[in-house]
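>>> one predicted model, sequence on top.
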Amino acid sequence: MKMFVPILALICLLQSGIAIADQKPVDAQARQSNYHAAETYYAHLISGTISEGAELNLLMTMLPKGGDLHNHYSGAQYSETYIDWLGKLKYCIYSENDASLQAEKYRIETRTDIPEAARKICRTADAVRNDTAFYREVLKRWSNKDYANHYHTQPAPDLQFFDTFGYFWAASNYSYTEGLKILKERAKAENLQYLEMMFKGAPDVDNPALARQINSLPPNAAVADVNQAFSAYADFMASDPQALKKIADHVSYLETVIAGVDDSDFKIRLQSYVSRNNQPAQIFSGLYSAFAAATKSSLIVGVNFVGPENGYVAMRDYKLHMQMFQFLRQRFPGTRLALHAGELALGMVPPEGLRFHIHDAVEIAGAKRIGHGVDISHESNALELLASMRAKQVAVEVNLTSNEFILGVKNEAHPVNLYRRHGVPFVISTDDPGVSRNNLSGEYLLFVSRYKPSYRELKEVVFNSIRYSFLSDRDKEAELASLDKRFEKFEAAVAKLTKQ
């Protein structure tokens, strides 16, 4: 077998999806032979010779990837798209700071009646694109572009990351239909068949009297007192006409937005979510709506929790938040949770803040998947927790690029090898590929180049992205069968390549 295959040959065989799709099914013996050819070729590419890096990159681009299970809609779009939408919305971007004009540099202005002085420093989309220097500045502020490879005014990495959402947010809701089409085509281009996306936050409904009961709960409140306060608010949400209408409208809107996105090669499902840095009662009300929505639509497959985990409120109320999930799972049995937990590193918070977040998400909230899970080695009784996650088959959503950028955790410091060693299932995912300016192929390239899994393990991780999805059992079975066929064609193409 020729192992040093010219890059042009690989491009010719793999870069075109047609080259793979047109391969005919093969018999069992031929398929086994193709599998071993792909396994051997892949092993060669990760053997450490720097000259094979481009081929490995291309191989990861064409690798069947199953699903991306940790993906935020607003953070998935590239800033260039938001600037295009800015023009369609007739908004502008401030190029200077001026407090007297309520102008903040790089922020979108949505008002149409701003003073003339403000209009002079607020640039249209065309004006932004025609000014190369300012255009680059906007991309750098609205994403992580150029953050690592040269100096520019740099806030702390986690602030740089999370602040981007505040800048482009006004443009992000221009056209969800158009946005989903962009993300779908981008996903299909890298051989992805399923997206499970955090799309839109669930609505909350205020009840001042009941809110005071939840907001006044002390950190060490008795479980009975906590459940009493939760029950009162849940009963209100279950019977209040405004709450019921907001939940119904939320479901209807999400279903309308993604109607027609699925096709024979691609599926998308949504998670409803709530921000973790609001007041407790507002969070509980929103979570009730998210749980209720997930029971009303087969397209809303789970509930999540978003926002900086090291925020003051997120840290202060973490246990209370997990008790909310525990309570609402009892009210809405069968609802599946994928919770951001352990997106922390030593130094971001006091050491005691690293000791229980993953544990409580698994053991109290009942999460079936953990987003990030980076601080696992700091957890109290970490070995017992790892054993529990393995026994319960709680999968970890590994986001290598954002973990490196936000937390500074990469290479041997990242716990992916710890999860591998203890048999905890995991998937590779993107988090916010538009902000990070990466894609799922890039995440797989980091995984294989840094940790060098065998081809068998790599394939297992890809299949995990469907196995641990929140698809219905019927859809999951169909997507696993589809993924198997994709690998059959992929391995046949690689086998043909190695014979040239």
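Structure's in. What do you need? Numbering: from 1, shown residues only.

>>> going by C-alpha atoms from here, please, whenever you check contacts or count neighbours.
Noted.

>>> contact partners of the helix or strand hosting Arg269?
Here Arg269 sits within strand 267-275, counting by DSSP states H and E. Residues from elsewhere that reach strand 267-275 (CA atoms under 8 Å, 6 or more residues apart in numbering): 193-202, 258, 261-262, 283, 286-287, 290-291, 293-294, 299-307, 471.

>>> filter those to the buried ones?
193-202, 258, 283, 286-287, 290-291, 293-294, 299-306, 471 (16 or more other CA atoms under 10 Å).

>>> surely Asp431 and Phe405 touch.
No. Here Asp431 does not reach Phe405: they are 11.8 Å apart, not a contact under CA atoms under 8 Å.

>>> the very next helix or strand once past the strand holding Arg269 - what's its average pLDDT?
Going down the chain from strand 267-275, the next helix or strand is helix 280-296, by DSSP H and E. Averaged across helix 280-296, the pLDDT comes to 98.

>>> just stretch 166-185 next, same as before
What stretch 166-185 shows for mean pLDDT is 84.

>>> only C-alpha atoms, please: export that stretch in PDB.
Taking C-alpha atoms only, stretch 166-185 is exported to PDB below (Å, rounded to 0.1, in the frame of the first residue of the first chain):
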ATOM      1  CA  GLY A 166     -23.700  42.000  23.000                       C
ATOM      2  CA  TYR A 167     -22.200  43.600  20.000                       C
ATOM      3  CA  PHE A 168     -23.900  41.600  17.200                       C
ATOM      4  CA  TRP A 169     -27.100  40.700  19.100                       C
ATOM      5  CA  ALA A 170     -29.200  43.300  17.400                       C
ATOM      6  CA  ALA A 171     -28.500  41.800  14.000                       C
ATOM      7  CA  SER A 172     -28.700  38.200  15.000                       C
ATOM      8  CA  ASN A 173     -32.500  38.000  14.800                       C
ATOM      9  CA  TYR A 174     -32.700  39.400  11.300                       C
ATOM     10  CA  SER A 175     -33.800  36.200   9.600                       C
ATOM     11  CA  TYR A 176     -33.600  32.900  11.500                       C
ATOM     12  CA  THR A 177     -34.700  31.100   8.300                       C
ATOM     13  CA  GLU A 178     -31.800  32.500   6.400                       C
ATOM     14  CA  GLY A 179     -29.500  31.900   9.300                       C
ATOM     15  CA  LEU A 180     -30.500  28.300   9.600                       C
ATOM     16  CA  LYS A 181     -30.000  27.800   5.900                       C
ATOM     17  CA  ILE A 182     -26.500  29.200   6.100                       C
ATOM     18  CA  LEU A 183     -25.700  26.900   9.000                       C
ATOM     19  CA  LYS A 184     -27.300  23.900   7.300                       C
ATOM     20  CA  GLU A 185     -25.300  24.300   4.100                       C
END
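
>>> quick check: buried residues in that stretch?
So, applying 16+ other CA under 10 Å, buried residues of stretch 166-185: Tyr167, Phe168, Trp169, Ala170, Ala171, Ser172, Tyr176, Gly179, Leu180, Leu183, Lys184.

>>> with Ile108 as the reference, measure out to the fourth one.
From Ala170 over to Ile108 the distance is 7 Å, taken as CA to CA, to the nearest Å.

>>> now the second one
Distance of Phe168 to Ile108, computed by CA to CA: 7 Å.

>>> check the last one too.
Plainly put, Lys184 is 26 Å away from Ile108 if you go by CA to CA.

>>> how close does Tyr91 sit to Gln228?
For Tyr91, the distance to Gln228 - CA to CA - is 47 Å.

>>> those two: which is more packed in?
Tyr91 (20 against 14; other CA atoms under 10 Å).

>>> what's near enough to touch the more buried one?
Taking CA under 8 Å, 6+ apart as the test, what Tyr91 contacts is Ile108, Glu109, Thr110, Arg111, Thr112, Thr124, Ala125.

>>> repeat that for 10 Å
Tyr91 makes contact with 83, 85, 108-112, 122-125, 170-171 under the criterion CA atoms under 10 Å, 6 or more residues apart in numbering.

>>> mind putting those into TSV with distance to Phe447 and secondary structure?
Below are the contacts of Tyr91 laid out as TSV (distance: CA to CA, whole Å; DSSP: H, G, I helix; E, B strand; the rest coil):
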residue	distance to Phe447	secondary structure
Ile83	32	helix
Trp85	34	helix
Ile108	36	strand
Glu109	40	strand
Thr110	41	coil
Arg111	45	coil
Thr112	47	coil
Cys122	42	strand
Arg123	41	strand
Thr124	40	coil
Ala125	37	helix
Ala170	34	helix
Ala171	33	helix
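
>>> give me the lowest-pLDDT entry from the residues you listed.
Lowest pLDDT among the contacts of Tyr91: Ala170, 74.

>>> find the residues that touch each one of Phe168 and Ile108.
Common neighbours of Phe168 and Ile108 are listed as Ile83, Leu86, Ile93 (criterion: CA under 10 Å, 6+ apart).

>>> which residue packs closest to the last one, ignoring adjacent ones?
Read it as Ile93. Leaving aside its sequence neighbours, Ile93 sits nearest to Ile108 (CA to CA, 6 or more residues apart in numbering; 4.5 Å).

>>> what of the first one?
Taking CA to CA, 6+ apart, and ignoring the residues beside it in sequence, Ile83 has Ala125 as its nearest neighbour in space, at 5.9 Å.

>>> I'd assumed Gly87 was in contact with the one you found.
Yes. Between Ala125 and Gly87 there is a contact at 4.9 Å, judged by CA atoms under 10 Å.

>>> circling back: okay, and which of the contacts of strand 267-275 map to strands?
Residues of those located in strands (DSSP state E): 194-201, 300-306.

>>> in a strand, Pro218, correct?
No. The assignment for Pro218 (DSSP: H, G, I helix; E, B strand; the rest coil) gives coil, which keeps it out of a strand.
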